[in-house]
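Colleague: Next one to model:
(2 chains)
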There are 2 protein chains.
Amino acid sequence: MALVVIGGVAAGLSAAARARRIDPRLPITVLEKGPVISYGACGLPYLVEGRVRAPEQLIHYTPEYFRKERNVDVRTGARVVSIAHPRREVLLESGDRVRYDHLVLATGARCDTMGIAGASAPHVFTLHTLEDAERMRRFLAEHNPRTAVVIGAGYIGVEAADALRRHGLRVTIVERSQHALLRDDPPFTEAVVKQLELHGVELRFGVDVKSIDDFPADMVVIAAGFKPNTELAAEAGIDRGRFGAIRTDDRMETNLRGVYAAGDCAEVQHLVTGKPTYIPLGTTANKTGRVAGANAAGARERFAGIVGTSIVSIFGLGFATTGLSTAQARAEGFSPVVARIEASMRPRYFGGGTTTVELVADRATTRLVGGSVIGEDGAAGRINVIAAALTAKLKVEDFEGLDLAYSPPFATVWDPLLIAAQQLVKEF
Amino acid sequence: MALVVIGGVAAGLSAAARARRIDPRLPITVLEKGPVISYGACGLPYLVEGRVRAPEQLIHYTPEYFRKERNVDVRTGARVVSIAHPRREVLLESGDRVRYDHLVLATGARCDTMGIAGASAPHVFTLHTLEDAERMRRFLAEHNPRTAVVIGAGYIGVEAADALRRHGLRVTIVERSQHALLRDDPPFTEAVVKQLELHGVELRFGVDVKSIDDFPADMVVIAAGFKPNTELAAEAGIDRGRFGAIRTDDRMETNLRGVYAAGDCAEVQHLVTGKPTYIPLGTTANKTGRVAGANAAGARERFAGIVGTSIVSIFGLGFATTGLSTAQARAEGFSPVVARIEASMRPRYFGGGTTTVELVADRATTRLVGGSVIGEDGAAGRINVIAAALTAKLKVEDFEGLDLAYSPPFATVWDPLLIAAQQLVKEF
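Modeller: Numbering: from 1, shown residues only, chains lettered A, B, ... in the order given. You can find the predicted model right below:
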């Protein structure tokens, strides 16, 4: 028996580490096309910003560590060009072949810049790998750019804008859709726009960039067109789903027996809709990698699914979402009822500060189906409570009764979550 | 129809306000024995500390506000001496009688200093009412005390110790039991002791104070012997439960039809054990007050129960608990399995900092039954996620899969809650 993992970042290394725990003797090989493994991709904007001083700070483990401490053969610069599943073999660009019994695909995703003319110009960047971030740092240091255009108002787009603004650049974000942070939610988008504007970043919607020349700037960051890397899988006969990512069952196994997929290349189940979805995030990559690795090593574990929880900091303000927005809920066949409140997080003598909470429930079942939280602090904690409620399929009347912690340094006696729930109950 | 509410702080005023919403014409009278209503009792330690500058900052509403804006007749200095339920009448100390059809008892609790000789000396205090806190402030200003003994290591005890220490006093806490913060949990208690010691406060266990003279000090704070005020209720034939507080059903109605109880004088259902419990806290007072007021005004609402969530700040470090400790779980007939971890809350480049998470589950059902979180920040958010899980009766394997928010400014990719859950799964 031998396990081969394609991809050595979050999902791939979670899979390898977990497989090693399950089976101490299993031969495990990780094939990573890039020069480094195991870096915290979510830290890249902070490397550009300068808060992370050196790329090494984002690297959790080296290939040597995995070789010595985990007895996992990690090869960098090892680009797989095809999978010959009938022979249980992967072919590398170098011409080498690697045999497997079980295979984990953790090929990740990329920013697809194909549709944008001029994307390969030296002042144009994506922010997906450690090399991308280093190249951007060098450009900032050497060319002293004054203006930047960021294409895409998703997480990476706003984080890149935040980082570049802190370098003193005039930054404009252009977004094809009418909403920010991939959330079809007008008040939430408006709050994002307001926070960006407050810090001198302009956000324009409905802009479909065809060419880099359309927006003259000293530097351009393409943070749109996020696309799962599934070419290898498709050629090998592995099914993809509605969103173009690899389809798996709840054991992260693909339609090819013994071949698993995890991370940004794979679809997962959405626990609110009960349907497959594609929301590539680091948390899910680690979790699905763990499950894929366990099963590929002979265990029997299950990945229940996600509720789509995420958070991003925009100039220090947390924007967090989970589950479905009102518009998404409607599109999924729910009849959404919504409440949105702004409330103090603490008594004034403890610094007060307000937070915005939105809760979305389904009229027929009173089940919560989504929510968002905006706040300087506490946003992660509060969105996580909503996420737990979505996972447990709590109804709004159960949520309203939640026994949440209170003491003046930490909260108000009625937590903003409960105030939102009380408001939501009134809307039924 | 007329509603009378005995008690004008958290539960009583929540009941009155909610009753008014349900029935705009109902005659409502609130009888408060003290001189003020509607103060944030949980803020009293911060008034002693000085962070709250004036007592008025802790008063949410005045009697005038309730009279004018809510059409509720609020009488201060109105001490009820008996309830004549057969005549539906309460008798005041003044000799006045007030008729009711529905009655809400929100008589609160007190520190019972009866068993301690010398408790009425001028340098001895409790910290239960606004007057208590003001008297303590005056004493600090006028007598410049150098040493203090705090009797009781519950929430008020440690908060009082924190406040007095910040005034420069040498503070010793003495506690009858072997644990702090009412949590029979040795590692948790040890963490409390460590944090207090770090800030120069000594905590001694197994000390049963019979007389104030046993511990000579410039001032003494009695923060033990918390007891529900149920004398009025008992004389009127209202049943009390195992913990001595008023027994109610899930509508907060007592055994006397039309008589409700709420807040610190009442027992509530514990959602983990399924049994009545007595955990007097401001959050529960407000919630049960709301439900009692709604039902007393003719609505039909239900208070599901609590899971016993609380948090306290000790010199800036949050100590939070919910559900059952290992010892409590065992006492309640569960077979507890426990995991306790310490983990980083954020990447180092975002200030790192560690948090301690303990999770307790039941071996037979794998259901989570309790937990605790200690952390400089994030403790409230994390304990609330556990509280939501307890309410939803989540199993540890569901909890392990929770889709929690991640981004470097806010968390680690594996949230400490999930690391604790992974550890707990291994213990099964």
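
Colleague: Spatially nearest residue to A:Pro280 (excluding sequence neighbours)?
Modeller: A:Asp264 (3.9 Å; C-beta to C-beta, 6 or more residues apart in numbering or on different chains). Backbone N, C-alpha and C define where each C-beta goes, glycine included.

Colleague: Need the pLDDT of that neighbour.
Modeller: Here the pLDDT value assigned to A:Asp264 is 97.

Colleague: Surely it is in a strand?
Modeller: No: checked against DSSP: H, G, I helix; E, B strand; the rest coil, A:Asp264 lies outside a strand; its state is helix.

Colleague: Now do the contacts for the residue in the stretch 101-250 of chain A positioned nearest to chain B.
Modeller: Here the residue of the stretch 101-250 of chain A nearest chain B is A:Tyr155; by C-beta to the nearest C-beta that distance is 7.8 Å. The neighbourhood of A:Tyr155, defined by C-beta atoms under 8 Å, 6 or more residues apart in numbering or on different chains, consists of A:181-182, A:310, A:312, B:407.

Colleague: Repeat that for A:Thr284.
Modeller: By C-beta under 8 Å, 6+ apart, the residues touching A:Thr284 are A:263, A:268, A:306, B:403.

Colleague: Does the nearest residue to A:Ile341 once chain neighbours are set aside belong to a helix, a strand or coil?
Modeller: Excluding the flanking residues, the one nearest A:Ile341 by C-beta to C-beta, 6+ apart is A:Ala420, at 4.8 Å. Of the three states, A:Ala420 takes helix under three-state DSSP.

Colleague: Quick check, A:Ala420 in contact with A:Ala339.
Modeller: Yes: counting by C-beta atoms under 8 Å, A:Ala420 does reach A:Ala339; the two are 5.4 Å apart.

Colleague: Tell me which of the two has more neighbours.
Modeller: The neighbour comparison of A:Ala420 against A:Ala339 (other C-beta atoms under 10 Å in any protein chain shown) goes to A:Ala420, with 28 against 21.

Colleague: can you pull the pLDDT of the more buried one?
Modeller: pLDDT for A:Ala420: 98.

Colleague: ok, so what distance separates it from A:Ile374?
Modeller: Distance, A:Ala420 to A:Ile374, using C-beta to C-beta, to the nearest Å: 12 Å.

Colleague: can you check A:Val259 too?
Modeller: A:Val259 sits 41 Å away from A:Ile374, taking C-beta to C-beta as the criterion.

Colleague: which stretches of chain A form helices?
Modeller: A:10-22, A:44-49, A:63-70, A:130-143, A:155-166, A:186-198, A:231-235, A:282-296, A:326-331, A:379-391, A:396-400, A:416-426 (DSSP state H).

Colleague: Contacts only, for the residue nearest to A:Ile341.
Modeller: Each residue near A:Ala420 by C-beta under 8 Å, 6+ apart is listed here: A:339-341, A:343, A:357-359, A:371.

Colleague: Keep only those of those residues that are in strands.
Modeller: A:339-341, A:343, A:357-359, A:371 (DSSP state E).

Colleague: which of those tops the neighbour count?
Modeller: In the ones in strands among the contacts of A:Ala420, the most neighbours by other C-beta under 10 Å go to A:Gly371, 33 neighbours.

Colleague: where do the strands sit along the stretch 101-250 of chain A?
Modeller: A:102-105, A:109-111, A:124-125, A:147-151, A:170-175, A:201-205, A:219-222, A:226-228 (DSSP state E, counting those that start in this stretch).

Colleague: Tell me which of those strands sits nearest to A:Ala236.
Modeller: strand A:102-105 (9.0 Å; C-beta to C-beta).

Colleague: Can you tell me the strand partners of that closest one and which way each runs?
Modeller: In the sheet containing strand A:102-105, its partner strands are strand A:3-6 (parallel), strand A:259-261 (parallel), by DSSP bridges.

Colleague: Now do the contacts for the residue of the stretch 51-200 of chain A found nearest chain B.
Modeller: Chain B sits closest to A:Val52 of the stretch 51-200 of chain A, with a gap of 4.9 Å, by C-beta to the nearest C-beta. A:Val52 is in contact with A:43, A:46, A:58, B:349, counting by C-beta under 8 Å, 6+ apart.

Colleague: Next, format those residues as JSON lines and append neighbour count.
Modeller: Shown next, in JSON lines, are these (neighbours: other C-beta atoms under 10 Å in any protein chain shown):
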{"residue": "A:Gly43", "neighbour count": "25"}
{"residue": "A:Tyr46", "neighbour count": "25"}
{"residue": "A:Leu58", "neighbour count": "22"}
{"residue": "B:Tyr349", "neighbour count": "18"}
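
Colleague: Mind picking the lowest-pLDDT entry from the residues you listed?
Modeller: Minimum pLDDT for the contacts of A:Val52 is recorded at B:Tyr349 (90).

Colleague: Go ahead and confirm that one touches A:Tyr46.
Modeller: Yes: taking contacts as C-beta under 8 Å, B:Tyr349 lies within contact range of A:Tyr46: 6.2 Å.

Colleague: Need the residues touching each of these two.
Modeller: Contacts common to B:Tyr349 and A:Tyr46, judged by C-beta under 8 Å, 6+ apart, are A:52, B:408.

Colleague: hang on, the earlier thing: chain B versus the residue nearest to A:Pro280, what's the distance?
Modeller: 13 Å (C-beta to the nearest C-beta, to the nearest Å).

Colleague: now swap in A:Lys393 and tell me
Modeller: For A:Lys393 relative to chain B (C-beta to the nearest C-beta), the value is 8 Å.

Colleague: If you tally nearby residues, what's the number for that residue?
Modeller: Counted with other C-beta under 10 Å, residues neighbouring A:Lys393 total 14.

Colleague: pLDDT wise, what is it at?
Modeller: On pLDDT, A:Lys393 comes in at 98.

Colleague: wait, it sits on A:Val369?
Modeller: No: with contacts counted by C-beta under 8 Å, A:Lys393 stays clear of A:Val369, the gap being 9.6 Å.

Colleague: who touches both of those two?
Modeller: Contacts common to A:Lys393 and A:Val369, judged by C-beta under 8 Å, 6+ apart, are absent.

Colleague: can you pull the contacts of A:Asp415?
Modeller: Contacts of A:Asp415 (C-beta under 8 Å, 6+ apart): A:382, A:404, A:406, B:384.
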